[in-house]
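1. Following is a predicted model, sequence given first.
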Amino acid sequence: MPESQSIVHKAATKRGRKRQSLLPILQDIYEHKHVIDEEDMVEVARELDISAAHVYGTATFYSFLETRQSGQFIIRLCKTITCMMHGKNLILQELERILKIKPGQTTPDGLFTLKEANCLGQCHKGPAMLVNDTPHTELTPEKIRDIIDGYRREALKL
Amino acid sequence: MTKTLKRLDLIFKNEGDSEAILEKTLSRNNEDIISDLIASGLKGRGGAGFPTGLKWRLTGEVEADQKYVICNADEGEPGTFKDREILSSVPHKVLTGMAVCGRIIGATKGFIYLRNEYKFLVPKLRTALDDFHLIMDKLNLDFRVDIFMGSGAYICGEESALFESMEGKRGEPRNKPPYPTNYGYNGKPTVINNVETLAHTYSIFKYGAEKFRDLGVKDSRGSKVFSVSGDTPIPGIYELEFGMTLQRFVDDFGDGDAKAVQVGGAAGFCVPRKRFEKTIIGYQGKLTGVSLPTGGSMMIFNSSRSMYNVLHNYLEFFVEESCGQCTPCRVGTQQLLMGVEAVKRGDKSSDYLNKLLELSEIMRQTAKCGLGQSVANSFSSIVENFKEEMIY
């Protein structure tokens, strides 16, 4: 069984083969591969015995399910009003400078994807961002350098 | 400046007595508990303000082989972060509310629909759930709660979109009626309550309806958890009484230079300084426009802020978060955004703003769900009160 097929199969077995399991299954696949590609969608449709178009419809609706390959760490910088007021643009510039990518892009080493996101629910501690599931708040350009450095070390298992 | 608003400490007070409260509450009959909830005046804290006791009663009255209790933790409204704090510090209160609701309506299954942005809460919540399920076993109650993770969609905070999402579909709102009381998750009768609402039921079980009713003002009873952000020296989460004027709020929380407060998030209303004194925070007068209902988002803007930038930010938000199902919202949000940009650039005359106001009114009347309908709230209240900032 090819790798992606086995990931889908495992997720479907764990979550149950019913339509109500579709979102958890897609979340599982994304967590493993950092992408849900069309091959995965067809495979999910086969496992759940539903149309691949329905799987595609669901997979492309949600902003935390990526249908393009994303990096090991996906950075979601909040761009909603209070984070904006508290200097989100400075943080974005610093991220772009360090990572040498623009929002929507992934670093060539496959480590970081940079995205802007809508309200993360950390408005009292803006600017804020999520790196995968971990929130980082009250950001400053200096803090950003340390945070990114920390994730780089984690990836290299330093 | 004197601090005048009374800060309350009901919801975050943790006395570790949830098992005793649950046992005490369950020893009473369903009708008594519901009467208490209705007498307390508790209304939904997500912003819509439906009476909680009535919701439970209506769902209880429907015959069905399966019913559900869902805790709506898809807190996506810009400027709101109170539910995160409630779930993180007093999850057992929310779960106790769900268990009592389950017994009353006859449901054995509950869910917490948690937004993906709050996934970091899951380990803590799982521990709380394990403890909770032990209590359920001990009290011989057949009720289980699971966490269902959202995947990043503001619209899924709308209850029917949330059900669709749980059913594995795109988060597109349904037509109403039928309401969730009759046709919710999987087409079964479902009680869906905001995190804070459920936590308040715990206070009512514990202290009684009277004590809760003593707080607040007519039609807006009890305390409310507010998320305060923006131009304030003390951003954070505060439990306050309903019924305060915006002026008193700004006196306590503003930086002395507040020119506007956005009440209720991007979907809420922008109140300019001249109306602070006349605006009351609460549910009543929803139709008169004198007082404002709110999910608790309070964003303060001082006079250094461009209200055009604020509106532009909200409109970008709505364009991205519109589910795209109905035309008034999908096209309307984009036209409003392009419209204000065109006026700002000078490509359109200032009269064009009146056209856009008309469009937002049409959206209020014709959009399928609350998202599209409420774009007009912030749009008209910002454009009408800060017209010069939109043009120059």
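-> Received it, and whenever you're ready, just let me know what you need.

2. Next SSE downstream of the lowest-mean-pLDDT helix or strand in chain B?
-> When each helix and strand of chain B is scored by mean pLDDT, DSSP states H and E, strand B:291-292 comes last, with a mean of 62. Following strand B:291-292 in sequence order, the next helix or strand is strand B:297-302 (DSSP states H and E).

3. now for that following strand, which elements pack on it?
-> Using 3 or more Cβ pairs under 8 Å, 6 or more residues apart in numbering or on different chains; DSSP states H and E, the elements in contact with strand B:297-302 are helix A:81-85, strand B:223-230, helix B:246-253, strand B:258-263. (Glycine included, C-beta is placed from N, CA and C.)

4. tilt between the last one and strand B:223-230?
-> The reference is to strand B:258-263. 130 degrees (axes from the mean of the first three to the mean of the last three Cα atoms, to 10 degrees).

5. Strand B:258-263 - contacts with which helices or strands?
-> The elements that strand B:258-263 packs onto, with contact taken as 3+ Cβ pairs under 8 Å, 6+ apart, are helix B:246-253, strand B:269-272, strand B:297-302.

6. what's the answer for the second one, then?
-> Contact partners of strand B:223-230 among helices and strands, from 3+ Cβ pairs under 8 Å, 6+ apart: helix A:81-85, helix B:82-89, helix B:195-207, strand B:236-241, strand B:297-302.

7. Packing partners of the first one?
-> So that's helix A:81-85. strand B:223-230, strand B:297-302, helix B:307-321.

8. What of the third one?
-> Contacts of helix B:195-207 with other secondary structure elements, assessed using 3+ Cβ pairs under 8 Å, 6+ apart, are made with helix B:18-26, helix B:30-40, helix B:52-61, strand B:68-73, helix B:82-89, helix B:91-105, helix B:209-214, strand B:223-230.

9. Quick one: mean pLDDT for the fifth one?
-> Across helix B:82-89, the average pLDDT comes to 96.

10. Output the longest helix belonging to chain B.
-> With DSSP state H setting the assignment, residue counts place helix B:327-345 as the longest helix in chain B.

11. any residues touching that helix, and which ones?
-> Residues from elsewhere that reach helix B:327-345 (Cβ atoms under 8 Å, 6 or more residues apart in numbering or on different chains): B:308, B:311-312, B:315-316, B:318-319, B:322-324, B:348-350, B:352-353, B:355-356, B:359-360, B:362-363, B:366-369, B:371-372, B:375, B:379, B:383, B:390-391.

12. ok, which of those also contact chain A?
-> Counting by Cβ under 8 Å from any Cβ of the partner chain, B:Cys323 from those sit close to chain A.

13. just the buried members of the contacts of helix B:327-345?
-> The neighbour-count test (16 or more other Cβ atoms under 10 Å in any protein chain shown) applied to the contacts of helix B:327-345 identifies B:308, B:311-312, B:315-316, B:318-319, B:322-323, B:348, B:353, B:356, B:359-360, B:363, B:367-369, B:371-372, B:375, B:379, B:383, B:390-391 as buried.

14. who touches residue 75 in this structure?
-> Went with chain A since none was named. The contact partners of A:Ile75, taken as Cβ under 8 Å, 6+ apart, are A:Leu95, A:Phe112, A:Thr113, A:Leu114, A:Lys115, A:Met129, A:Leu130, A:Val131.

15. Please refer instead to chain B.
-> With Cβ under 8 Å, 6+ apart, B:Glu75 has these contacts: A:Gly121, B:Phe81, B:Lys82, B:Asp83, B:Arg84, B:Arg115, B:Tyr118, B:Gly157, B:Val195.

16. So what does the second one look like in phi/psi?
-> Comment: the main-chain dihedrals of B:Phe81 come out as phi -150, psi 10, following degrees, to the nearest 10.

17. Excluding residues flanking it in the chain, which one is nearest the residue in chain A that chain B sits nearest to?
-> In chain A, the residue that lies nearest chain B is A:Leu22 (3.1 Å; Cβ to the nearest Cβ). Excluding the flanking residues, the one nearest A:Leu22 by Cβ to Cβ, 6 or more residues apart in numbering or on different chains is B:Gly168, at 3.1 Å.

18. So what's the residue count around the one you found?
-> 20 (other Cβ atoms under 10 Å in any protein chain shown).

19. What residues of the helix ranked longest in chain A count as buried?
-> For chain A, the longest helix by residue count, based on DSSP H, is helix A:141-156. Judged by neighbour count (16+ other Cβ under 10 Å), helix A:141-156 contains these buried residues: A:Ile144, A:Ile147, A:Ile148, A:Tyr151.
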